[in-house]
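1. predicted model, plus sequence, below.
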Amino acid sequence: GGVINIITKKSKEDAASFGVKFNTYDYSNTLLSNFNLGLSKKFTDNFAFSTNLDAFNGHGYRQKKKKKGFYSSSKIYADIADSTNLTLNYNFYQSNEDTSGYLTKAQIDADPRQKADGSIKTKTTRPEISLDVTHKFSDSWELNALAFWQKQKIYYKERLSPYNYNSLVVMADETGSRFNDEISGVNLKAKYNYMRNSYLIFGYDFKYHEALRHHIVSYGGVSLGPTTVNSHVMTTKLNMKKETHSVFVMDSHEFNDSFILTAGARYEYAGYKSDRNYHNYMNRKTGATTIITDTTTIYNTKDHSNNYALEFTPTYKYSDTGRIYAKYERGFLSPSPSQLTNRRTGANPYYASDLDPETFDTFEVGVKDYLFDFSEVALALYYTKTKDEITYTGDPHATMGAYWQYYNLDETRRIGAELNLAQNFDKLTLSQSMSYIDAKVTKGVNDGKRVPYVSKVKATAGASYEFTQNVSSFVNLTYLSKALDGGKNDSNGKMQN
């Protein structure tokens, strides 16, 4: 795919900007249907305001697929005193998207751009607000506090998709279903500058994530032999919560002009709670007999985890522009609220995923330099070993009924390399990158399998040109090699991809 963008430069003072974006592949658009407007105003030395608006309207790769909407961002900058400043940020995103369901393999082979059966019309909104305050007590001590909130709403204005009922394919209606995700939190961070180019950072993070789901699936008027299903309505209500508390510390120490050592640690406690209510109502008639099924299944889960991360990075500066580094990182990824529950077809569909947090150890070496006064070079080699990597298989739109499974891979490893280049020729800048990842499962029933959803090769190329002091343009191209999907798992948990 490719992107062509023409923008005007932003200014720290009073400024206005206008940009246009042209997509040549997915969500292609005409030149003026995807644009950006920006304004900034400095009222006094202590107060400024800026706002940006991005609008988009494009057609997808497949027929009848389109998306339009906008994203706005506004900021207020205020210096309350010589040592205190704050930034208030409000963002709002809205989009309307029309598409259809999945294509079968036969349909893809015949025409991958064709419209699938069914119709999906979705509206998405996401307001965000944050307040960032920094206070300097002295040249040595600095305190930063960040509070944030966002809420995303996804609403199906129309959703019609094929559903398999006893070998008959009917059109299921999910119109009116909605999904809400709300995240809020606080970050407190202190910085102590104890020597020249050496500092200590420590702090506390709190985050609360609540995910609400109200999913409706209905169909009716289906006859199979002597039985007619007049109405079948399946309603799922979910309330999933995750609360995390973290403390962290990081130190960067410059021993001399050539050697820097950075080390850090983080501890996190995560608590989970999930409440799920599944209501199944069916009205069917066999001959003169009407049979009503009206059942409710309640499923609740509660769990917690303790995790820690470490980082150790020595860096050696061998010249004014070049440095070489070695890095060890021990990290983790705790499950999100929606990953706590799996779904299978048949009776009692919901069950606990019993996920463990994903943990990994990464060893990396790299070099960065600026050569011949115009060329930037960065090369990194790394090895990552992951325990309990979280992955996914399933199809929420399957004609036999939705199913999904989040599960842990016993152990995986990644060996990779990444090269980034850039050349600066006055007004023209060129950039290139290439990365390679060999990701495999190394333990358990899937030993030797490729890790799902990981492309082996990624390559990018770009160019930007500054026409005048206020107008520039750039083009970027990206290539990703093929990746395996999650496939299906057999009864022993082995991937069938």
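-> On my side now, so go ahead. Residues are numbered from 1 along each chain as shown.
2. next, the contact list for Thr321, please.
-> Contact analysis of Thr321 by CB atoms under 8 Å, 6 or more residues apart in numbering lists Asp369, Tyr370, Leu371. Every C-beta, even on glycine, is put in place using the N, C-alpha and C of the backbone.
3. make that Ser431, sorry
-> Asn420, Leu421, Ala422, Gln423, Thr460, Ala461, Gly462, Ala463, Ser464.
4. about what we covered before: I'd like the contacts of Thr321 written out as JSON lines, with pLDDT, secondary structure and distance to Thr345 added.
-> Output for these, formatted as JSON lines (pLDDT from 0 to 100; DSSP: H, G, I helix; E, B strand; the rest coil; distance: CB to CB, whole Å):
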{"residue": "Asp369", "pLDDT": "96", "secondary structure": "strand", "distance to Thr345": "56"}
{"residue": "Tyr370", "pLDDT": "93", "secondary structure": "strand", "distance to Thr345": "58"}
{"residue": "Leu371", "pLDDT": "90", "secondary structure": "strand", "distance to Thr345": "59"}
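5. low-confidence ranges, the protein, go.
-> 1-13, 21-33, 164-167, 346-348, 395-402, 470, 486-488, 490-492, 496-497 (pLDDT under 70).
6. about what we covered before: of the contacts of Ser431, just the buried ones, ChimeraX syntax please.
-> Entered in ChimeraX, the line below selects the buried ones among the contacts of Ser431, by 16 or more other CB atoms under 10 Å:
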select :420,422,423,461,462,464
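7. so of the contacts of Ser431, which ones are in strands?
-> Members of these lying in strands (criterion: DSSP state E): Asn420, Leu421, Ala422, Gln423, Thr460, Ala461, Gly462, Ala463, Ser464.
8. so what's the third one closest to, chain neighbours aside?
-> Okay, so that is Ala422. Distances taken as CB to CB, 6 or more residues apart in numbering put Glu376 closest to Ala422, at 4.1 Å, once the chain neighbours are dropped.
9. equivalent analysis for the fourth one, please.
-> Distances taken as CB to CB, 6+ apart put Leu430 closest to Gln423, at 4.7 Å, once the chain neighbours are dropped.
10. need the phi and psi values for the one you found.
-> Main-chain dihedrals, Leu430, degrees, to the nearest 10: phi -110, psi 150.
11. ok, now how distant is it from Ile76?
-> Distance of Leu430 to Ile76, given as CB to CB, to the nearest Å: 38 Å.
12. same deal with Leu480?
-> According to CB to CB, Leu480 and Ile76 sit 39 Å apart.
13. next: Ser274.
-> 38 Å.
14. and Ser138, by the same measure?
-> 27 Å.
15. before we move on, the earlier item: make CSV out of the ones in strands among the contacts of Ser431 and add distance to Ser177.
-> Output for the ones in strands among the contacts of Ser431, formatted as CSV (distance: CB to CB, whole Å):
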residue, distance to Ser177
Asn420, 43
Leu421, 47
Ala422, 46
Gln423, 50
Thr460, 37
Ala461, 41
Gly462, 40
Ala463, 44
Ser464, 43
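16. now, among these, which is nearest to Lys494?
-> Thr460 (35.1 Å; CB to CB).
17. double-check that closest one against Val475; I have them as touching.
-> No - judged on CB atoms under 8 Å, Thr460 makes no contact with Val475 at a distance of 11.1 Å.
18. tell me who's in contact with the residue nearest to Ala422.
-> Lys368, Asp369, Tyr370, Asn420, Leu421, Ala422, Gln423, Asn424.
19. which element is it on?
-> Using DSSP states H and E, Glu376 falls within strand 375-395.
20. flag every buried residue along that strand.
-> 376-377, 380, 382, 384, 386-391, 393-394.
21. and the residue nearest to Ala422, how far from Thr321?
-> Noted for Glu376: a distance of 9 Å to Thr321, by CB to CB.
22. list the contacts of the residue minimising distance to the centre of the chain.
-> Computing the C-alpha centroid of the chain and ranking residues by CA atoms, centre = their mean puts Ser336 first, at 11.9 Å. When the contact criterion is CB under 8 Å, 6+ apart, the partners of Ser336 are His209, Ala211, Lys242.
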